[in-house]
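> Give me a model of this one.
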Amino acid sequence: MNAYDRHRRFIDHYVLYYGGAGALATAREAADALPANYTTEEDVIRRHHRFLREDDDKEDDAALAHLSHTQRWEAKLARAYYDRLFKEYALCDMSRYKTGLIAMRWRTQPEVLDGRGQWSCGNVACKRDRDLTSWEVPFRYREPADGGAEHRALVKLRLCPKCSDKLHYRRDRDRKKSGESSAAEDDFEDLLL
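Model prediction:
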């Protein structure tokens, strides 16, 4: 039994002993209701997270001295979360690949231990582990923490052939619309002639 379950059990016994079953229901409703300004650690990380941080972004006490205690804690929490991520390969969500929107994120420790994104396809919806290709792709994104500033980075992905086609879908579609053919297609046609 963890600390929270033990706490709930003690509170239940206290309320039953001193307040009866009606008081227990009221106490549970009050405990389960969250205040309107309640912020979880996940909310804090979402608010302060950056896809890439520079080494000079280290939040030490001197750099954070002008912030309030709560703001210092939030900045340190976001940095601690970032430091726990594994930033060799990224995972991507290609559910909206036809519109050119591909979401990327770093892998977490359980995903690294499972081999996701390195020994299996880096698309979160794909589980293939054969014929993987490594891609180093330019990734353009906006950081809300920087006031919406646009950033660019090279990110490594490991993808199966089907997901690789999704990655290049828009480029290939635009190339076909303009009537251009790639150098690889030209070389292949030369071999056939």
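> quick one, strands of this structure?
Taking DSSP state E, the strands of the chain run over residues 86-96, 101-107, 133-143, 149-159.
> Which of the ones you listed sits closest to Ile45?
Evaluated with Cβ to Cβ, the strands of the chain place strand 101-107 nearest to Ile45, the distance being 12.2 Å. From N, CA and C alone the C-beta is placed, and that goes for glycine too.
> Contacts for the closest one, please.
Strand 101-107 has contacts (Cβ atoms under 8 Å, 6 or more residues apart in numbering) with 51, 85-94, 96, 116-117, 139, 141, 155, 157, 167.
> again, but for stretch 132-144
Contacts made with stretch 132-144 from outside it, assessed by Cβ under 8 Å, 6+ apart, are listed as 47, 50-51, 90, 104, 119-121, 148-161, 164, 167.
> The spatially most central residue of the chain pairs with what?
Taking Cα atoms, centre = their mean as the criterion, Arg105 is the residue nearest the geometric centre of the chain, at 4.2 Å. With DSSP bridges as the criterion, Arg105 is bridged to Leu91.
> can you offset everything so residue one is 434?
Shifting the count to begin at 434 puts that one at Arg538.
> any idea how far it is from Lys609?
Applying Cβ to Cβ, to the nearest Å, the value for Arg538 to Lys609 is 30 Å.
> same question, Pro543
40 Å.
> pLDDT below threshold where in the chain?
Applying pLDDT under 70 to the predicted model, the residue ranges of the chain that meet it are 448-449, 451-461, 463-469, 487-496, 578, 613-626.
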